[in-house]
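Visitor: Compute the structure for the input listed below.
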Amino acid sequence: MKKTWESENFKRRLLMCVLGVVICGISVGFFKRAAFGLDPFQSFMAGLHTAIPVPFGRLYIVACIILLLFSLFTDRHYAGLATLINLFLTGYIIDYSQEILFRVFPTLGITGRVVFLVVGVIVMCLSCSLYMTADLGVSVYDAVALIITQTWHKGQFRWVRILTDAVCVVMGGLLFFCGGGSLSELGAQIGIGTIVTALFMGPLIDFFNRKVSQPLLNYGK
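Guide: Got it, this is the predicted structure:
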């Protein structure tokens, strides 16, 4: 896919990229408000935040820079404008959206929490699909599965994504306990929401790629 500043569909790609990054951060706010467990990468970040109690936005940037170095040394194709936007904004968007959702919805019953979880899963998968398809770079975490499948040609994306998600969940849990977290608190970080995303994010992103993002990118051609 052609991806230059002069390309005729660059504005559409840029819009998809920014929209994808912003709603990705918002979706994590829904996960946190649902308190059924975070998506795999955010469960890792939550565990890391427990073990290293520095401001989350700053910690998110540092962790992403480390993953960015992996991408740069293996396949620079996946590092781009979306990568930088994701790296510097997502952590702060997560904090802001979480604060708003807890303020607007101070109490939620089980039904409300389930609704928030479903919204979080759908919006997150759609957001990943949008900025992946925009091809202006992807998040440093999404790049890992893409490099394994597209650059190293090891397995299919949906299954490799499940594997990388599972690794994040395990590491997040270990870091959480290393940081002094208790078993009773673990459910808000790793729970049914984590399992759902670990099992279904790959297939759902693939679905949105085919049904939403690719048709949107190619609309009018």
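
Visitor: how about low-confidence regions in this structure?
Guide: Counting by pLDDT under 70, the chain shows low-confidence ranges at 1-8, 220-221.

Visitor: What are the boundaries of the helices in it?
Guide: 10-34, 40-51, 56-74, 81-104, 110-134, 140-146, 157-178, 183-186, 192-208, 214-217 (DSSP state H).

Visitor: Dump those helices into TSV; add mean neighbour count as well.
Guide: Every C-beta, even on glycine, is put in place using the N, C-alpha and C of the backbone. As requested, these are exported to TSV (neighbours: other Cβ atoms under 10 Å):
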stretch	mean neighbour count
helix 10-34	21
helix 40-51	24
helix 56-74	16
helix 81-104	18
helix 110-134	20
helix 140-146	23
helix 157-178	19
helix 183-186	11
helix 192-208	20
helix 214-217	14
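
Visitor: Residue 157 and residue 143 touch, don't they?
Guide: No - using Cβ atoms under 8 Å, residue 157 is not in contact with residue 143, being 11.9 Å away.

Visitor: could you measure the closest residue to residue 41 other than its chain neighbours against residue 124, distance?
Guide: Distance criterion Cβ to Cβ, 6 or more residues apart in numbering; nearest residue to residue 41, sequence neighbours excluded, is residue 141 at 4.7 Å. Separation of residue 141 from residue 124 (Cβ to Cβ, to the nearest Å): 12 Å.

Visitor: Over to residue 187?
Guide: Using Cβ to Cβ, residue 187 is found at 19 Å from residue 124.

Visitor: ditto for residue 164
Guide: From residue 164 to residue 124 the distance is 15 Å (Cβ to Cβ).

Visitor: With residue 31 instead?
Guide: Here the distance between residue 31 and residue 124 works out to 8 Å (Cβ to Cβ).

Visitor: Common neighbours of these two, please.
Guide: Residues within reach of residue 31 and of residue 124 at once, by Cβ atoms under 8 Å, 6 or more residues apart in numbering, are residue 39.

Visitor: quick revisit: which residues are in contact with each of residue 157 and residue 143?
Guide: In terms of Cβ under 8 Å, 6+ apart, residue 157 and residue 143 are not both contacted by any residue.

Visitor: Thanks a lot, see you next time.
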